[in-house]
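# sequence? don't have it. structure:
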């Protein structure tokens, strides 16, 4: 075995060990992020932990509300809980 081959094997092993540590660090009592979640239909589904929950879809536009006990996320271009009014004089300014 040459020195170069040994360095490549050692580097690969080191990378695998470091990535495994990062994957294990993604779990705690309050937060959890799984790299593998079962896909349903076109892909996606629920992912949750003690304090957070999210529903996701793979391959489609993300829109709508995702909520858990303590947090609420509104996703997409037209998602929001605020009321808006169209200021008609501004819209009609150049109309004649």
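Sure thing, it's come through. These figures come from a predicted structure and were not determined experimentally.
# how much space separates residue 46 from residue 73?
14 Å (C-beta to C-beta, to the nearest Å). Where you see a C-beta, it was placed from the backbone N, CA and C, and this is true even at glycine.
# what about the closest residue to residue 53 other than its chain neighbours, distance to residue 48?
The spatially closest residue to residue 53, leaving aside those adjacent along the chain, is residue 68, at 3.9 Å (C-beta to C-beta, 6 or more residues apart in numbering). With distances taken as C-beta to C-beta, residue 68 is found 7 Å from residue 48.
# same question, residue 8
40 Å.
# so the residue nearest to residue 53 makes contact with residue 52?
Yes: contact criterion C-beta atoms under 8 Å: residue 68 and residue 52 qualify, at 5.3 Å.
# more neighbours, those two?
Higher neighbour count among residue 68 and residue 52: residue 52, with 18 against 14, using other C-beta atoms under 10 Å.
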